[in-house]
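Q: okay, here's the prediction I keep looking at, along with the sequence it came from:
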Amino acid sequence: MVGPLRRLRTAVSLSALGMWLTVPALTAMAAMLTRDDEGVRAQAVGGVLALMLLPAVLLAPLGGTLAARVDRRLMLIIADVLRLVIIVTVPLLGMLPWTMAAAFLVACLNLLWAPTVRASLPAMAADEETRAAARRSANRVLFGPALAAAPLFAVVALVADATLGGGSRAGLALYVTAAVFLASAVAVALIREIPAEPPAPVPAPLKSLFQGAGTAAARGLGLAVAAVSLAAGAVVAVARVHAGELGGGDAGYGSVLAGLVFGLGFGLFAGPRVLVPFSRRRLAGLAVVAAALALAVIAVVQNLVVVVFATGFLGMSAGAAWANGSGVVGGSGDGDAQQDTRPSAYLRSVALVTAVVAFAAVPLVAGLIGSHRLEVGGAVYDVHGSGAALLVAAVLAAVFGLLAYRRLDDRRGIPLVPDLRAALHGDVYTPPEQAAAAAAQQRTIRRERGVFIAFEGGEGAGKTTQARLAAIWLRDHGYDVVTTYEPGATKIGMRLRAMLLDRDTTGLSDRAETLLYAADRADHVANVIKPAIERGAIVVSDRYVDSSLAYQGFGRQLPVEDIARVNAWATGGLVPDLTVLLELPPQEGLSRLSAPADRIESESREFHERVRQGFRALAEADPDRYLVLDASRPQGELSREIQYRIREILPDPVPAGTEDATSTFPVIRDF
Ligand SMILES: Nc1ncnc2c1ncn2[C@@H]1O[C@H](COP(=O)(O)OP(=O)(O)O)[C@@H](O)[C@H]1O
Ligand SMILES: Cc1cn([C@H]2C[C@H](O)[C@@H](COP(=O)(O)OP(=O)(O)O)O2)c(=O)[nH]c1=O
């Protein structure tokens, strides 16, 4: 049954193409019929557009109910044929009132046709899986052809310009549209049967609007949606007239519409996928403001190419605002009636009603303002009514957008620019005060527990020696000390160490090596370091995270931030209280070693030099946490310096609470 489904999809796509073509074709006709009076012209175009949306606002549920009563195949054919007939009569009669009536009637037929399509596509599917896919693809079938319709209209307009005289130009697009409907009707007729599936109920836009948003987030988004719908609606409403003023004609009009639909499609697709660490709500608000700015550019810059690109940007911003916004309220955002929620129905109603208002009001305002020639300081400006009306709409959209941004903002008090910059680098921004407070809190928490000291440095720098000396000294002072090392301090760790350091391990990728060290570390922290710290012990570790940053980051030249992130996750963010860095030229350290070189030790000289520089850079970036020592100095001197520094961070050797216990100790008296 996949065959018939595909055939139906093709037929319906053709019909959808016809539906989208009627928009520019009918508006162009209206513009042509009123070409002598600029004010009337803008209003005629806006009127046609508003009439095309009005049925969706007023009659949407009725269309759905009616569609459910008639045989689907018949309904699709009737809708195609009637639309064809109406469209063909428009250029034949060449009258504005009929053009406007045609817009309304075609839109009513669209209203019968669209729910039929939604119910028919899944019904043609053979099994449940294809049925679900067909249901999901219904939007693509209905809206996708808009992408083809705008450029097709532009091409038809160019052809008409080149071949036909003034009066019949706008007619060609309508004849093409009629032909597309005819092709669709024939294609549907060739399909033998379309089984019925119970139709999904179509919500009433005005009722949704009246019922309200339901949630505060949806109310904020309502403002955002109103703003982008106003911006996009304003452009569409005056695009024909504005393109004419900029010397573009119908082809220019088609290009502007193409810019809008392609931008919109791209924004809907890419919107949720960009700047992933960034707040979706903030992004939705910003996208609205961007759309308003694009509208201002369209209003002010009198150049058709700029206008086309700015319209594309406007569409993209509007799409991104919609996609991110409807994600916030949990709606499907793509008009899928199957999973409709109250907020998403509300948002769609807001979009629809605002667009109708924009279609009707923006040309009216344009007509009221009219065209003027301004002379400011010798320079002459042509002020077109359409441009001025767009500017008014842009200001309104910007105000709505800013209000929406403020209402939606879920990161109040966090400055936008660093937040954006961090998101561009793939991070979530934390303000310095917050980060410092968190770090301080972490430090006090750790202090109340145990202490964690790491020894770092290149090969043969003396880490093992100094860690051992420090542990002996601490134990002498009555501390519970755990000495440990990386890699390989746990059972699993030992096996990882063997893999990592065995010279027979060949071809291990740098990333895999990083992850194996991190895996060893995760096990080490969970099973050795953390339990010891929690019971109040002092942990002395020979190597820790910084080794990975230096060896795998600087040595292997992998992105250091990535390694830091992986290790932060592996260790649950455990950072040493003190890191002792023993600094030594690699040649000197390597020459101290007696055992045969392992896999890492036998790396090149440049590798070890980079590791050394890496350690230095890490220490410089966080001087409070590091004690950097010249490891070529005598052992005794070094261990004394280390002791001085450790003393500063040591807790009271008698654990807190012990004194209380002692004071209540029964006194032993000698009777
Ligand atoms: N400050 C020092 N000066 C000279 N030799 C040292 C010093 N510290 C350690 N050594 C020697 O260098 C070698 C490597 O020391 P070790 O502590 O195992 O280094 P690491 O653990 O950093 O690889 C050992 O033979 C050790 O005795
Ligand atoms: C902990 C760790 C070690 N290494 C390397 C550095 C060393 O060359 C090697 C083993 O550590 P090392 O301390 O040199 O072991 P030993 O002193 O017992 O030979 O592992 C990394 O590359 N990344 C890491 O994260």
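A: Cool, the structure landed. Ligands and ions are numbered 1, 2, ... in the order given.

Q: now the helix or strand harbouring residue 103: average pLDDT?
A: Taking DSSP states H and E as the definition, one finds residue 103 inside helix 96-123. For helix 96-123, mean pLDDT rounds to 92.

Q: which bits of the stretch 551-671 of the chain sit near ligand 2?
A: The stretch 551-671 of the chain comes close to ligand 2 at residues 551, 552, 600, 601, as judged by Cβ under 6 Å from any ligand atom. All C-beta spots, glycine's among them, are computed from the backbone N, C-alpha and C.

Q: just flag the most distant two among those residues.
A: 552 and 601 (15.0 Å; Cβ to Cβ).

Q: higher neighbour count, the two?
A: For residue 552 versus residue 601, neighbours defined as other Cβ atoms under 10 Å are more numerous around residue 552 (26 against 18).

Q: contacting residues for the more buried one?
A: 510, 513, 514, 517, 558, 563 (Cβ atoms under 8 Å, 6 or more residues apart in numbering).

Q: distance to residue 30, pLDDT and neighbour count added to these, as JSON lines?
A: Listed next are these as JSON lines, based on distance: Cβ to Cβ, whole Å; pLDDT from 0 to 100; neighbours: other Cβ atoms under 10 Å:
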{"residue": "510", "distance to residue 30": "65", "pLDDT": "93", "neighbour count": "12"}
{"residue": "513", "distance to residue 30": "69", "pLDDT": "96", "neighbour count": "20"}
{"residue": "514", "distance to residue 30": "65", "pLDDT": "96", "neighbour count": "21"}
{"residue": "517", "distance to residue 30": "70", "pLDDT": "97", "neighbour count": "25"}
{"residue": "558", "distance to residue 30": "62", "pLDDT": "90", "neighbour count": "19"}
{"residue": "563", "distance to residue 30": "63", "pLDDT": "93", "neighbour count": "24"}
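
Q: please flag which of these sit within helices.
A: 510, 513, 514, 517, 563 (DSSP state H).

Q: can you name the residue of the stretch 351-500 of the chain nearest to ligand 2?
A: residue 486 (3.8 Å; Cβ to the nearest ligand atom).

Q: and the closest residue to that residue other than its chain neighbours, how many neighbours does it have?
A: Once flanking residues are discounted, residue 486 sits nearest to residue 543: 4.3 Å by Cβ to Cβ, 6 or more residues apart in numbering. Around residue 543 there are 24 other residues, counting by other Cβ under 10 Å.

Q: how close does residue 543 get to residue 43?
A: 77 Å (Cβ to Cβ, to the nearest Å).

Q: shouldn't the residue of the stretch 351-500 of the chain closest to ligand 2 be in contact with residue 547?
A: Yes - in this structure residue 486 lies within contact range of residue 547 using Cβ atoms under 8 Å: 6.7 Å.

Q: more neighbours: these two, which one.
A: Taking neighbours as other Cβ under 10 Å, residue 486 and residue 547 compare with residue 547 leading, 28 against 24.

Q: residue 583 contacts residue 630, doesn't it?
A: Yes - if you go by Cβ under 8 Å, residue 583 and residue 630 touch, sitting 5.7 Å apart.

Q: of these two, which one has the most company?
A: Taking other Cβ under 10 Å, residue 583 and residue 630 do not tie; residue 583 has more neighbours (18 against 11).
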